[in-house]
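Undergrad: here is the input, now give the coordinates:
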Amino acid sequence: MIAAIDAAAGGPGEGRGYYVVNGSLYPVESRDYHLREDVAQAVLEAEGSSVGVTA
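TA: So this is what the prediction gives:
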């Protein structure tokens with residue numbers, strides 16, 4: 001997911017700001033990334049509208 005966000009934002013590391021690290025920064029291999037709440041909400045709303053969801 002991180003690679004996809006970075007690629008959509010223009011390249012490696014460019015998606016910073018859309019996701020955050022939860023917990024310790026080190027060791028790097030153990031980082032736990034989370035989408036910002038507002039970003040996750042926007043993704044889910046966009047996903048729902050593109051699949052023909054009706055009210």
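
Undergrad: only C-alpha atoms for contact and neighbour calcs from this point on.
TA: OK.

Undergrad: Ala3 contacts Glu14, doesn't it?
TA: No - taking contacts as C-alpha atoms under 8 Å, Ala3 lies outside contact range of Glu14: 9.6 Å.

Undergrad: how confident was the prediction at Thr54?
TA: Predicted confidence (pLDDT) at Thr54: the value is 45.

Undergrad: what does the helix or strand harbouring Asp38 rub up against?
TA: Take DSSP states H and E as the rule and Asp38 turns out to sit in helix 37-50. For helix 37-50, the external contacting residues (C-alpha atoms under 8 Å, 6 or more residues apart in numbering) are Tyr18.

Undergrad: how about it as PDB, C-alpha atoms only?
TA: Extracted C-alpha coordinates of helix 37-50, given in PDB (Å, rounded to 0.1, in the frame of the first residue of the first chain):
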ATOM      1  CA  GLU A  37      -8.000   9.000   9.000                       C
ATOM      2  CA  ASP A  38      -9.100  11.600   6.500                       C
ATOM      3  CA  VAL A  39      -7.200   9.900   3.700                       C
ATOM      4  CA  ALA A  40      -8.700   6.500   4.500                       C
ATOM      5  CA  GLN A  41     -12.200   8.100   4.500                       C
ATOM      6  CA  ALA A  42     -11.600   9.700   1.100                       C
ATOM      7  CA  VAL A  43     -10.400   6.400  -0.400                       C
ATOM      8  CA  LEU A  44     -13.300   4.500   0.900                       C
ATOM      9  CA  GLU A  45     -15.800   7.100  -0.300                       C
ATOM     10  CA  ALA A  46     -14.200   7.200  -3.700                       C
ATOM     11  CA  GLU A  47     -14.200   3.400  -3.900                       C
ATOM     12  CA  GLY A  48     -17.900   3.200  -3.000                       C
ATOM     13  CA  SER A  49     -19.000   5.700  -5.600                       C
ATOM     14  CA  SER A  50     -17.100   4.000  -8.400                       C
END
